[in-house]
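S.K.: Quick one: sequence and predicted model below, then my questions.
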Amino acid sequence: MCGRFSRFTGMDAIIAAYGIDIAHATPLRSYNIAPSQEVAVIRRENPLVLRDMTWGFIPFFAKDLSSTHRPINARDDSLTKPMYKYAIESRRCLIPSNGFYEWKRKGPVKQPYYIRHEEEELLSFGGIYSHWTDPVSDTNYTTFAIITTSPNEMMAEIHDRMPLILHKEHIGTWLNPEVGYSEISSLIQPYSGILTSYPVSTFVNSPNNDTEKCIVPINDEDIGKEEGQGSLDDFF
């Protein structure tokens, strides 16, 4: 699962890092990006474009919002199912991130951890997106989900899933809409780069909290001693 992540690198740096041609996106900088928020996402439209999308996937065949499940993650073993089949073939996207959060159960406590690249490089999450128009209001929605896969060795200590993180040399292939699922399926695997993780305050549990405190490490002896930050179950 990937239910929260951070992106505090400035928009200009992201544009430069990925060689983006056009940016039609809000310069959101956040230490605590949560589901249902608008996020700047990269996709190839010939040229490479950065666009705002809402986190929570609505399939193109949805009938209405009230009865539609809006997953924030798409499991690697479900990508050929009707929900995602069209998107994984030709509507793949990339979500730049400075790091992500995962919660590990320690007795009665769900302890948040922050996971980032060891050298603090941007992480490139592989995702899928969809266009949908509400037949009642005629409102257009562009939404996305982050693909998750099995954990690598480090993540296995925290959780049994992790976001798909793509290496730089695979980004071009991933974003090419003319390359089908059979050709990119080998890229969907646990990340082989070097990640680091550490416990952070339960301050991050609330999506209303969005400051650098979210990513500040806490000492192991302080785990389970915090109060008043809310239960994670209140926010998912």
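M.R.: Perfect, thanks for sending it. Predicted model only: the values in this text are computed from it and were never measured.
S.K.: low-confidence ranges in the chain?
M.R.: When residues are selected by pLDDT under 70, those of the chain lie in 221-222, 224-236.
S.K.: Swap in 80 and give it another go.
M.R.: Scanning the chain for pLDDT under 80 picks out 1, 27-28, 220-236.
S.K.: just the strands in it please.
M.R.: For the chain, the strands defined by DSSP state E cover 4-7, 22-24, 30-33, 38-44, 48-55, 73-75, 92-97, 99-106, 109-117, 123-133, 140-149, 162-163, 195-199.
S.K.: Can you show me the CA trace of the fourth one as PDB?
M.R.: Coordinates of each C-alpha in strand 38-44 appear next as PDB, following Å, rounded to 0.1, in the frame of the first residue of the first chain:
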ATOM      1  CA  GLU A  38      -4.800  17.000  -6.700                       C
ATOM      2  CA  VAL A  39      -1.200  16.100  -7.500                       C
ATOM      3  CA  ALA A  40       1.100  17.100 -10.400                       C
ATOM      4  CA  VAL A  41       1.600  13.900 -12.400                       C
ATOM      5  CA  ILE A  42       3.800  13.300 -15.500                       C
ATOM      6  CA  ARG A  43       2.400  11.700 -18.600                       C
ATOM      7  CA  ARG A  44       3.500  11.600 -22.300                       C
END
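S.K.: which other residues reach it?
M.R.: 7, 11, 14, 18, 20, 23, 25-28, 33, 48-55, 91-96, 127, 129, 144, 175-177 (CB atoms under 8 Å, 6 or more residues apart in numbering). All C-beta spots, glycine's among them, are computed from the backbone N, C-alpha and C.
S.K.: Which members of these are classed as buried?
M.R.: Neighbour-count burial (16 or more other CB atoms under 10 Å) applied to those gives 7, 11, 14, 18, 20, 23, 25, 33, 48-51, 53-55, 91-96, 127, 129, 144, 175.
S.K.: Looking at strand pairing, list the partners for the residue nearest to the spatial centre of the chain.
M.R.: What sits nearest the mean C-alpha location of the chain, by CA atoms, centre = their mean, is residue 146, with 4.6 Å. In this structure, residue 146 bridges to residue 73, residue 127 when assessed by DSSP bridges.
S.K.: try residue 104
M.R.: Bridge pairing for residue 104 - DSSP bridges - gives residue 111.
S.K.: pretty sure it contacts residue 155?
M.R.: No - counting by CB atoms under 8 Å, residue 104 does not reach residue 155; the two are 10.2 Å apart.
S.K.: more neighbours, those two?
M.R.: Between residue 104 and residue 155, residue 155 has the larger neighbour count (other CB atoms under 10 Å), namely 21 against 15.
S.K.: Contact partners for the closest residue to that one other than its chain neighbours?
M.R.: Using CB to CB, 6 or more residues apart in numbering and skipping residues adjacent in sequence, the residue nearest residue 155 is residue 162, 4.4 Å away. Counting by CB under 8 Å, 6+ apart, residue 162 makes contact with 2, 102, 115, 148, 149, 150, 151, 152, 155, 190, 191.
S.K.: Before I go, just wanted to say thanks for your time.
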